[in-house]
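Trainee: quick one, what's the 3D model for this:
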Amino acid sequence: MTRYVLAMFLVLCTGAASAQTCTTIRFAPGTSSGEVSGQVIENKPMCFTFESGAGQTARLQLSGSDNACFTIRDVVDCQDDYSFRTQSRAYEVGVFQLFAAAAYEQFTLRLSIR
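Mentor: Take a look at the predicted model:
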């Protein structure tokens with residue numbers, strides 16, 4: 001039952017993230033990584049996007065909060081550190097609170113692509 005409730009929560013959070021405008025994670029010229037920071041609170045996730053070529057390795061790392069995680073649409077749910085081989089396409093990343101809380105959760109999301 002607990003897994004079902006958590007799964008439904010993640011689906012709702014991912015849907016909420018996709019309904020808003022997403023910010024593109026950008027890299028400085030000549031670098032292979034970039035960072036974005038923000039804060040999330042219950043029912044107000046943040047959305048980010050990035051593009052990659054096929055066969056690259058992307059790694060996302062979330063820091064600054066013990067009560068936040070990210071979901072990569074169609075790839076993985078609720079992680080704080082995740083690496084994967086990319087396809088040539090755009091990816092959408094939602095950052096949200098894991099457990100509902102009245103306080104904002106500050107975070108930094110780092111993306112590196114090699």
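
Trainee: going by C-alpha atoms from here, please, whenever you check contacts or count neighbours.
Mentor: Noted.

Trainee: residue ranges with poor pLDDT in the chain?
Mentor: Counting by pLDDT under 70, the chain has low-confidence residues at 1-20.

Trainee: in a strand, Ser65, correct?
Mentor: No: going by DSSP: H, G, I helix; E, B strand; the rest coil, the assignment for Ser65 is coil, not a strand.

Trainee: what's the local residue count around it?
Mentor: 15 (other CA atoms under 10 Å).

Trainee: now it, what are its backbone angles?
Mentor: Backbone torsions for Ser65, taken as degrees, to the nearest 10, come to phi -150, psi 140.

Trainee: for Phe84, same thing?
Mentor: Per-residue torsions, Phe84: phi -160, psi 160 (degrees, to the nearest 10).

Trainee: contacts only, for it.
Mentor: Contact partners of Phe84, counting by CA atoms under 8 Å, 6 or more residues apart in numbering, are Thr57, Ala58, Arg59.

Trainee: what's the local residue count around the residue lying closest to the first one once chain neighbours are set aside?
Mentor: Looking back up the chat, that one is Thr57. Excluding its sequence neighbours, the residue lying closest to Thr57 (CA to CA, 6 or more residues apart in numbering) is Arg85, at 4.6 Å. A count of neighbours around Arg85, defined by other CA under 10 Å, yields 14.
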